[in-house]
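S.K.: Kindly return the folded structure for what I paste below:
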Amino acid sequence: LLVSNDLERVRQERTLRRAQCGPCVPLLATYGDATAFEMRTLGEGAAGDGGRPLLFDRVLCDVPCGGDGTLRKSPAKLSRWSVAAGLGAHALQLAI
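M.R.: Below you'll find the predicted structure:
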């Protein structure tokens, strides 16, 4: 099972269109805040707890960037980049 989540519905719809173009493993597509993303199994849990958290073999996150990767492609932007700007998204990256 491939699970895809995006904060923006429009981008997730684009993902679905691309997945329909070729063979794909079973796909569950959701959109919402990744900092609150949680999937739980059904049953087997205590009454009312919603089941156990699902475990994943691999997780790939496309998190908001700090801009340092852009510098490889556009070295001229180095003069406008700062460590503070680069660390600005760090807490959100960790939360995701």
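S.K.: Kindly state the pLDDT recorded for L7?
M.R.: Per-residue confidence for L7 comes out at a pLDDT of 90.
S.K.: Contact partners for it?
M.R.: Applying Cβ atoms under 8 Å, 6 or more residues apart in numbering to L7 gives the contacts Y31, G32, D33, A34. The way it works is simple: take the backbone N, C-alpha and C, and place the C-beta from them, glycine included.
S.K.: Quick check: next helix or strand after the worst-scoring helix or strand of the chain on mean pLDDT?
M.R.: Among the helices and strands of the chain, helix 68-73 carries the lowest confidence by mean pLDDT, DSSP states H and E, at a mean of 77. Remark: after helix 68-73, the chain's next helix or strand is helix 83-87, criterion DSSP states H and E.
S.K.: Run through who's touching that next one.
M.R.: Helix 83-87 has contacts (Cβ under 8 Å, 6+ apart) with G66, G67, D68.
S.K.: So how do I select the buried members of those residues in PyMOL?
M.R.: To isolate the buried ones among the contacts of helix 83-87 in PyMOL, judged by 16 or more other Cβ atoms under 10 Å, type:
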select buried, resi 66
